[in-house]
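[1] pasted the sequence and its predicted model underneath.
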Amino acid sequence: MSADDLIETFRAQLRDDPDVASAVAAIRALLGFLKQDRGETIQGLRSSLLDAIDTLSRVDSSVAVSSGGELFLRFISLTSLEYSDYSKCKEIMIERGEIFLRKVSLSRNKIAKLCHPFIRDGARILTHAYSRVVLRVLEAAVEAKKRFSVYVTESQPDQAGQKMAKALRKLNIPVTVILDAAVGYIMEKVDLVLVGAEGVVESGGIINKIGTNQIAVCAKAQNKPFYVVAESFKFVRLFPLNQQDVPDKFKYKADTLKTSQNLTEEHPWIDYTSPSLITLLFTDLGVLTPSAVSDELIKLYL
Amino acid sequence: MPGAAERSSELSEQIEAFVARLRGGGERPRSEDTARQTLSLLRKIIGHGRWSRAGELMDLIRTEGRRMTAAQPSETTVGNMVRRVLKVIREEYGRLHGRSEESDQQESLHKLLTSGGLSEDFSTPYPPLRANVIEAINELLIELEGTTDNIAMQALEHIHSNEVIMTIGYSRTVEAFLKEAARKRKFQVIVAECAPFCQGHEMAVRLSKENIETTVMSDAAIFAVMSRVNKVIIGTKTILANGALIAVSGTHTLALAAKHHSTPLIVCAPMFKLSPQFPNEEDSFHKFVSPQEVLPFTEGEILAKINVHCPVFDYVPPELITLFISNIGGNAPSYIYRLMSELYHPDDYEL
């Protein structure tokens, strides 16, 4: 499968199903690549996969695609350890890949089921930008006949908050769009903060749309619970200690990285929120405290 | 067969009596007694109940467990013991089924990637399962006997000479802890009386019988005295999954005062008090009793114009706690999730 075909498959996934997470689309594209691979050895497969992941990250350099790619590589290594015969190994990989994708499609529902009991009747929720997982959780809360209202930050520079507000209005949830700068002002009225995540790092912190860190700091100052909802394939092997430690390739879009002369003049798209500001993480592996996240990652990668 | 029918009706009578006792309230039962009674009852159900497969047994235990926990939701030890038994059944079944010892039962990323298909369905019958499970429950009962002693044994590491220790209310675990330390060290104890039931008085009497210098004071004076206290040692009713506590009313105040003065807060609680629930909307741990103690019925005129509440429990968030001392050692609140994954299976968190 050529690089262009791969990119086209990836883009087609995102086009046909706007609800799919970009990590899942990447894994699906990589699975398709695996099926069509003509190599005869594990080493060959690994190196062509590394190239494929590199190609994908040149299209979409977000954390999610990177974590999806790493997870897929890990998946290949784990399976290849169990079976030494290559063709049998490949069959098992494809079978397991399909099962994994099936399980992962259920993950949002699992998370919604875990998270909606934490939304009380009459709650006022603050959320940030556009997150499909948060949308699913709020949908589940509405199905459970809870009444609540939502504040969404408009989330510049792409106004993703407006998209979220539109989706929430379709569910008949009373929603107010607020300025990013108004978070400190609105925090006293809010009962809880609920955000999604693009990536969950080893320390239990999250990488999410720019502005999340500010909201977390305000929430901590006013003693409001800060909940994060994320699927488990977003767990990433990064351990940033501050904002600078987050790699540039995640902060800026792929096009900007290629064309820009001086990155310090560009606006970053994501920021890092430290685990001390997060109350609980809701994932398809269960409700986790930030300290439990590293345990999960260790179980997988070591 | 008359024998079996007799036994099963006797069993359901015992379950009914247990449920009625839980619901009745009355005298505050010891958590350890409740745990022991629950385990004995579950052991009888397993021994005499009609089941042939592990799956049926688990459903049976779950149904009975749900009934027992619904009777008194604030008595979380009942639910915890049911979950321990369910985990025991899974383990014994796994051992008989031939699964490897170290297979991770929990959901994890690793499992997501490597699993080949459907999960366990517990439908293969194994005759030795009944005996194995009952033996495992007997081991649990023995473990239960020793919890207070195990906790008390760690006392000398934490209490030093000439220290001032503060506690609140009456906790039998803390009493044993302090008595054990008093055998080798000399220290003072300040007991907050814990209104309105004033159980702190009983604690003070018992401690002073062991020649420990004890002072009783009112709850309002906690903050004032805290600057002179070296450590705060308390017991609790329940430990929640995020490391928070459900303890007697007044504990949150004590914890906040300790945090303000940077005094370490140590919680002595055995592992059967660890519950996999999170504090959320359910809030079923709250228990309100007659407000007689707060404002007696003799104040008839005022009572007509106001609302009086007497909550029994308090919620203490995990940030205020320094250390948990349990029968398996000392742990930080952030480690509670790990202990939980060793005691219970995630599918059993919701009974």
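    Looks like it came in fine. Please read these numbers as outputs of a predicted model, since none were measured by experiment.
[2] so B:E350 belongs to a strand, correct?
    No. B:E350 is assigned coil when assessed by DSSP: H, G, I helix; E, B strand; the rest coil, not a strand.
[3] that one - how many residues pack around it?
    B:E350: 11 surrounding residues under other C-beta atoms under 10 Å in any protein chain shown. In this view, the C-beta of every residue, glycine as well, is placed from N, C-alpha and C.
[4] any idea how far it lies from chain A?
    10 Å (C-beta to the nearest C-beta, to the nearest Å).
[5] got a list of what that residue touches?
    With contacts defined as C-beta atoms under 8 Å, 6 or more residues apart in numbering or on different chains, B:E350 is in contact with no residue.
[6] and A:M93, what element?
    Remark: A:M93 resides in helix A:86-105, with elements defined by DSSP states H and E.
[7] I should have written B:K259 there, sorry.
    Per DSSP H and E: helix B:251-260 holds B:K259.
[8] and the next element down the chain from that helix?
    From helix B:251-260, the next helix or strand downstream (DSSP H and E) is strand B:265-268.
[9] so which elements touch that following strand?
    helix B:172-182, strand B:231-234, helix B:251-260, strand B:323-326 (3 or more C-beta pairs under 8 Å, 6 or more residues apart in numbering or on different chains; DSSP states H and E).
[10] within its sheet, name the partner strands of that strand and how each one runs.
    strand B:231-234 (parallel), strand B:323-326 (parallel) (DSSP bridges).
[11] near chain B, which residues of chain A show up?
    Selection of chain A residues close to chain B by C-beta under 8 Å from any C-beta of the partner chain yields A:71, A:74-75, A:78-79, A:82, A:92, A:95-96, A:99-100, A:103-104, A:117-121, A:232-233, A:235, A:279-280, A:284-289, A:291-292, A:295-297, A:299-300.
[12] strands of chain A, residue ranges please.
    A:123-128, A:148-153, A:175-178, A:192-195, A:199-200, A:206-209, A:226-229, A:270-273, A:280-283, A:286-288 (DSSP state E).
[13] buried residues in the last one?
    Neighbour-count burial for strand A:286-288 flags A:G286, A:V287, A:L288 (criterion: 16 or more other C-beta atoms under 10 Å in any protein chain shown).
[14] name the nearest residue to the first one, sequence neighbours excluded.
    The shortest distance from A:G286 to any non-neighbouring residue, by C-beta to C-beta, 6 or more residues apart in numbering or on different chains, is to B:P346 (5.6 Å).
[15] now do B:R30
    B:R172 (6.7 Å).
[16] what does the stretch 251-351 of chain B put close to chain A?
    B:F278, B:N280, B:E281, B:E282, B:S334, B:Y335, B:I336, B:Y337, B:R338, B:P346, B:Y349.
[17] for the second one, what are its contacts?
    Remark: with contacts taken as C-beta under 8 Å, 6+ apart, B:N280 is in contact with A:P117, A:F118.
[18] rerun that using 10 Å as the cut-off
    Contacts for B:N280 (C-beta atoms under 10 Å, 6 or more residues apart in numbering or on different chains) come out as A:L114, A:C115, A:H116, A:P117, A:F118, A:I119, A:R120, A:L280, A:V287, B:L240.
[19] make TSV out of those and add pLDDT.
    Shown next, in TSV, are the contacts of B:N280 (pLDDT from 0 to 100):
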residue	pLDDT
A:L114	89
A:C115	90
A:H116	87
A:P117	86
A:F118	89
A:I119	91
A:R120	87
A:L280	92
A:V287	87
B:L240	92
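[20] out of those, which are buried?
    By 16+ other C-beta under 10 Å, the contacts of B:N280 give A:L114, A:C115, A:H116, A:F118, A:I119, A:L280, A:V287, B:L240 as buried.
[21] which ones among the residues you listed are found in helices?
    Members of the buried ones among the contacts of B:N280 lying in helices (criterion: DSSP state H): A:L114, A:C115.
[22] A:K224 is nearest to which of the helices and strands packed on strand B:265-268?
    Among the helices and strands packed on strand B:265-268, helix B:251-260 comes nearest to A:K224, with 17.7 Å by C-beta to C-beta.
[23] I'd like the distance between B:S31 and chain A.
    24 Å.
[24] mean confidence for the helix holding A:M93?
    Mean pLDDT, computed over helix A:86-105, is 84.
[25] what comes up buried for it?
    For helix A:86-105, by 16+ other C-beta under 10 Å, it's A:C89, A:K90, A:I92, A:M93, A:R96, A:G97, A:F100, A:K103, A:V104.
[26] spatially nearest residue to the second one, not counting backbone neighbours?
    By the measure of C-beta to C-beta, 6+ apart, the closest residue to A:K90 outside its immediate chain neighbours is A:L34, 7.5 Å from it.
[27] can you pick the most crowded of the residues of the stretch 251-351 of chain B next to chain A?
    B:I336 (24 neighbours).
[28] distance to B:K44 added to the strands of chain A, as a markdown table?
    Formatted as a markdown table, these follow (distance: least, C-beta to C-beta, whole Å):
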| stretch | distance to B:K44 |
| --- | --- |
| strand A:123-128 | 44 |
| strand A:148-153 | 45 |
| strand A:175-178 | 55 |
| strand A:192-195 | 44 |
| strand A:199-200 | 45 |
| strand A:206-209 | 48 |
| strand A:226-229 | 42 |
| strand A:270-273 | 51 |
| strand A:280-283 | 38 |
| strand A:286-288 | 32 |
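[29] thank you kindly, that will do.
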